[in-house]
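Trainee: Could you work out the structure for the sequence below:
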Amino acid sequence: MQRVMIVGQPGSGKSTLARQLGERTGLPVVHIDTIHWQPGWVERSPDEKTRLCHEVEARERWIFEGGHSTTWDNRLARADTLIWIDRSAPLRFWRVLLRTALNRGRSRPDLPSDCPDRLSRLPEFYGFMWRTRTSARAKMKQLAEQAPPGCRVIHLRSNRDAEAFLASIGASVDAVRQPR
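Mentor: Residues are numbered from 1 along each chain as shown. Now for the predicted structure:
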């Protein structure tokens, strides 16, 4: 396991799993939100996001979590592991509300500086989550089905699934960990 692609809809637990997996394996973690956003919630241009994604994909070792689906095919071609976190919409909406409330006024670790969570941003984000709930899941299902033969696909549907997966990594961490 040297290049891990993690996908899932907002609130599914991608960032948390990526951090935990990075701690266990020593692989560098890249959050798509640090590519998508610049400080102050300034969105990068699509071309800039694509360029930055390709730079990460070209590296030898990574855990890359998140969207910018225009680069998914390239990322999947390089990945040796694809993790799809597939959680229910009600749970994801709850998690987004909870993380926003808990981090209100502060930037989360998976965001650039000066991108504080605000409850006032929730209605717009919830609208996005609602509009894309079916189409995004279908896109991720298709991605998992099209993974190349050498890519291990892991479909996590619950906290129990995620814990079991991480425990299996913990048991073999010495075989995975390499110097940075």
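Trainee: and the residue most central in space within the chain, what are its phi and psi?
Mentor: For the chain, the residue sitting closest to the mean C-alpha position, by CA atoms, centre = their mean, is Glu65 at 2.6 Å. When read as degrees, to the nearest 10, the backbone of Glu65 gives phi -110, psi 140.
Trainee: Quick check: which ranges of the chain have low pLDDT?
Mentor: Along the chain, segments meeting pLDDT under 70 span 170-180.
Trainee: change it to 50
Mentor: Applying pLDDT under 50 to the chain flags the ranges 171-180.
Trainee: how close does Ile32 sit to Gln20?
Mentor: For Ile32, the distance to Gln20 equals 17 Å [CB to CB, to the nearest Å]. Where C-beta positions appear, they are placed from N, C-alpha and C, glycine not excepted.
Trainee: Sorry, slip of the keys, the one I care about is Asp33.
Mentor: 17 Å.
Trainee: One more: His155?
Mentor: For His155, the distance to Gln20 - CB to CB - is 17 Å.
Trainee: Could you pull out the helices in the chain for me?
Mentor: Along the chain, the stretches classed as helices by DSSP state H are 14-25, 32-36, 46-57, 72-78, 89-102, 122-145, 159-171, 173-176.
Trainee: give me phi/psi at Met149?
Mentor: Careful, residue 149 is Pro; it's not Met. phi -60, psi -30.
Trainee: what about it, neighbour count?
Mentor: Pro149 has 4 neighbours, counted by other CB atoms under 10 Å.
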